[in-house]
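Asks: What follows is a protein structure lacking sequence information:
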């Protein structure tokens, strides 16, 4: 897999979507704000990301609002389902920590409080490991969902693992790790820009939309690096 080419093609696609298309960019910023402030209950922006994940070229328009809404919710639900194992682990170990804290019968029992903290930390570590493992699968699953237009295909593990096999697990893991590193650079840059009063916040809104499209297209480029079969 040519990782440099993945990045350059994804950047080129992002440029085609946004540069010179200022009204589309502004509209996507507004949709991302609506999605954030409604806690993803109005996921038009995610619906647009699904169109990008579907591999549409040229860049998709922001239209057919009912479809944007439905696809956005499908993406929300897929992501939530893949997070269930993480949530369960956190709930179990959180429950153990809570029981240990209750058993302490006060703040003067450091041994029991230590076991409560240990249970909570252990749960967080295990949940983080599970989340990382699941992410390598879920990232490809959402691309498959978008490409096929079928919600259930996000959970067609046989097809997902076959596609991962064609890409190569090592190649896919490296591709995802590169995307994570790019995300860290993005976080640092936006953190620095945030120091600019008001204007920095506005700039970051536009950069955030650009990064979201780049992120989605990068996954598509990696997914389509091998023949897409049923």
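Replies: Cool, the structure landed. Nothing here was measured: the structure is a model prediction, and the numbers come from that model.
Asks: Now do the SS call for residue 59.
Replies: Assigned with DSSP: H, G, I helix; E, B strand; the rest coil, residue 59 falls in the coil class.
Asks: Excluding sequence neighbours, find me the nearest residue to it.
Replies: Spatial nearest neighbour of residue 59, chain neighbours left out: residue 17 (4.0 Å); criterion: C-beta to C-beta, 6 or more residues apart in numbering. All C-beta atoms are positioned from the backbone trio N, CA, C, and that covers glycine.
Asks: which SSE is the one you found in?
Replies: Taking DSSP states H and E as the criterion, residue 17 maps to helix 3-18.
Asks: Against which helices or strands is the helix or strand just after that helix packed?
Replies: Next in sequence after helix 3-18, counting helices and strands by DSSP H and E, comes helix 22-37. Contact here means 3 or more C-beta pairs under 8 Å, 6 or more residues apart in numbering; DSSP states H and E; on that basis helix 22-37 packs against helix 3-18, helix 44-53, helix 199-223.
Asks: what comes up buried for helix 22-37?
Replies: 24-25, 27-29, 31-32, 35 (16 or more other C-beta atoms under 10 Å).
Asks: ok, residues contacting that helix?
Replies: Helix 22-37 is contacted from outside by 17-18, 42-46, 48, 59, 61-62, 72, 205-206, 208-210, 212, using C-beta atoms under 8 Å, 6 or more residues apart in numbering.
Asks: what about 10 Å?
Replies: Under the contact criterion C-beta atoms under 10 Å, 6 or more residues apart in numbering, helix 22-37 has outside partners 17-19, 21, 40-49, 59-62, 65, 68, 72, 76, 202, 205-210, 212-213.
Asks: can you give me the angle that helix makes with helix 44-53?
Replies: Relative orientation of helix 22-37 versus helix 44-53 (axes from the mean of the first three to the mean of the last three C-alpha atoms, to 10 degrees): 120 degrees.
Asks: what's the average pLDDT for helix 22-37?
Replies: The pLDDT scores in helix 22-37 average 96.
Asks: Could you count how many residues lie near the nearest residue to residue 43 once chain neighbours are set aside?
Replies: Distance criterion C-beta to C-beta, 6+ apart; nearest residue to residue 43, sequence neighbours excluded, is residue 72 at 2.9 Å. Other residues lying near residue 72 total 23 when counted by other C-beta atoms under 10 Å.
Asks: So what's the gap between the helix or strand residue 72 falls within and the chain middle?
Replies: If you go by DSSP H and E, residue 72 is part of helix 65-103. In terms of C-alpha atoms, centre = their mean, to the nearest Å, the centre of helix 65-103 is set 14 Å apart from its chain centre.
Asks: Show me what it is packed against.
Replies: helix 22-37, helix 44-53, helix 110-148 (3 or more C-beta pairs under 10 Å, 6 or more residues apart in numbering; DSSP states H and E).
Asks: same thing but 8 Å
Replies: Using 3+ C-beta pairs under 8 Å, 6+ apart, helix 65-103 sits against helix 44-53, helix 110-148.
Asks: Retrieve the pLDDT associated with the nearest residue to residue 168 once chain neighbours are set aside.
Replies: Among residues not flanking residue 168 along the chain, residue 1 sits closest, at 7.5 Å (C-beta to C-beta, 6+ apart). At residue 1, the model reports a pLDDT of 81.
Asks: Nothing else from me, thank you.
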